[in-house]
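A.B. asks: Using only what follows, build the 3D model:
(one chain, ligands or ions: 1)
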Amino acid sequence: MNELENKINRWYPCKDEDGRVGNMVWLAKHWYRWITYGCPQCYVENCGCSPNNSNIHEPKGFAEIAKYAYDNYGDMYKK
Ligand SMILES: [Zn+2]
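C.D. replies: Here you go, the predicted structure:
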C-alpha cells in the first residue's frame, strides 16, 4: 500500500475492503466535482458556496488524496 493510501486510511478509517473502496469513491467524487464544476461539494457551476466549503485544498492535503482516488477509483466519473 502506498503512502497516499496509508494517509487516506488514517484520515478515513474503515473496517473492510468495501468500506475502503467506498471511501475512495467518495473522495473521487469530490475531485470530479472540483475539476468539473469548481466546487468539491456541488454538481453545479457558480454554486455560491463559501470559500471554505468550496476549497478542495481544505483540509490541507485533501486535494492530493482526492485526485489520487479519482485517478485510481473514479472510473464512473470519467467520460
Ligand atoms: Zn458548491
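A.B. asks: going forward, measure contacts between C-alpha atoms and count neighbours the same way
C.D. replies: Fine.
A.B. asks: helices or strands next to whichever helix in the chain runs longest in the packing?
C.D. replies: Counting residues, the longest helix in the chain under DSSP state H turns out to be helix 17-37. When contacts are defined as 3 or more C-alpha pairs under 8 Å, 6 or more residues apart in numbering; DSSP states H and E, helix 17-37 packs onto helix 62-73.
A.B. asks: could you check the angle helix 17-37 makes with the helix it packs on?
C.D. replies: 110 degrees (axes from the mean of the first three to the mean of the last three C-alpha atoms, to 10 degrees).
A.B. asks: Who are the packing partners of helix 62-73?
C.D. replies: helix 3-11, helix 17-37.
A.B. asks: List of residues touching the longest one?
C.D. replies: The set of residues that contact helix 17-37 without belonging to it, under C-alpha atoms under 8 Å, 6 or more residues apart in numbering, is 9, 12-14, 39-46, 56, 63, 65-71, 73-74, 77.
A.B. asks: Give the residue spans of this protein that score low on pLDDT.
C.D. replies: Nowhere does the chain drop to pLDDT under 70.
A.B. asks: Against the ion, how distant is the most centrally placed residue in it?
C.D. replies: Nearest to the geometric centre of the chain sits residue 27, at 2.4 Å (C-alpha atoms, centre = their mean). Applying C-alpha to the ion, to the nearest Å, the value for residue 27 to the ion is 15 Å.
A.B. asks: related to what we said a few turns ago, just the buried members of the contacts of helix 17-37?
C.D. replies: Listed as buried from the contacts of helix 17-37 are 39-43, 56, 63, 65-70, 73-74; burial here means 16 or more other C-alpha atoms under 10 Å.
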